[in-house]
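**Q** quick one, fold the following:
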Amino acid sequence: MRIPIQIRRSDSSKLHLGANALLHTFHMFWGFVCFSLLLGSCSKVDVPKGTPSCIKKKIRNTICTDSVFEFQYHGYRVFLFNSDSECRDGISELYSEKCEWVCSPSGGMTGLGDNLCPDFFQQATGKTTIWTK
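**A** Residues are numbered from 1 along each chain as shown. Below is the predicted model of the structure:
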């Protein structure tokens with residue numbers, strides 16, 4: 001069913017645009033936007049060789065992270081995703097090299113994280129920058 005939309009011109013002629021044409025234009029616009037976002041999310045992440053692929057993927061898909069650091073913590077290789085200062089109550093997240101969530105050592109409303117690894121900043125060693133925004 002076509003619903004005609006009438007636009008009056010100064011010469012009194014009528015231009016009929018079907019709702020289908022408007023819907024098609026709308027879909028084309030949002031399809032382009034979604035494609036652009038998808039293409040941008042597939043961009044290459046410049047990280048040191050040997051960085052686990054799941055960490056690279058997390059960096060590509062991050063929104064509120066401004067830096068990622070690698071540490072040794074209690075004998076394990078871990079990656080700290082620091083929250084961007086623009087994100088309210090941003091919380092840092094610590095992941096294992098297999099992308100398993102470990103804890104949140106800082107940030108949040110108190111700035112102290114989730115208190116699941118309160119010794120992180122005292123015990124973590126070998127800080128290496130992996131990525132910065």
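**Q** can I see the domain layout of this protein?
**A** Structural domains assigned to the chain are 4-41, 53-132, following automatic domain parsing.
**Q** in contact with F120, which residues?
**A** F120 sits next to Y73, L94, C103, P105 when contact means CB atoms under 8 Å, 6 or more residues apart in numbering. No exception for glycine: its C-beta is placed from N, CA and C like everyone else's.
**Q** which of those residues fall in strands?
**A** Y73, L94, C103 (DSSP state E).
**Q** ok, back up a step: the domains of the chain: lowest mean pLDDT?
**A** Note on those: domain 4-41 shows the lowest mean pLDDT, a mean of 45.
**Q** the strands in the protein, which residues?
**A** Residue ranges of the strands in the chain, as given by DSSP E, are 4-8, 14-18, 65-73, 76-83, 93-96, 101-103, 125-132.
**Q** now render those as JSON lines, adding mean neighbour count and distance to L112.
**A** Shown next, in JSON lines, are the strands of the chain (neighbours: other CB atoms under 10 Å; distance: least, CB to CB, whole Å):
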{"stretch": "strand 4-8", "mean neighbour count": "10", "distance to L112": "58"}
{"stretch": "strand 14-18", "mean neighbour count": "11", "distance to L112": "59"}
{"stretch": "strand 65-73", "mean neighbour count": "19", "distance to L112": "17"}
{"stretch": "strand 76-83", "mean neighbour count": "20", "distance to L112": "13"}
{"stretch": "strand 93-96", "mean neighbour count": "21", "distance to L112": "14"}
{"stretch": "strand 101-103", "mean neighbour count": "15", "distance to L112": "11"}
{"stretch": "strand 125-132", "mean neighbour count": "13", "distance to L112": "20"}
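**Q** many thanks, have a good one.
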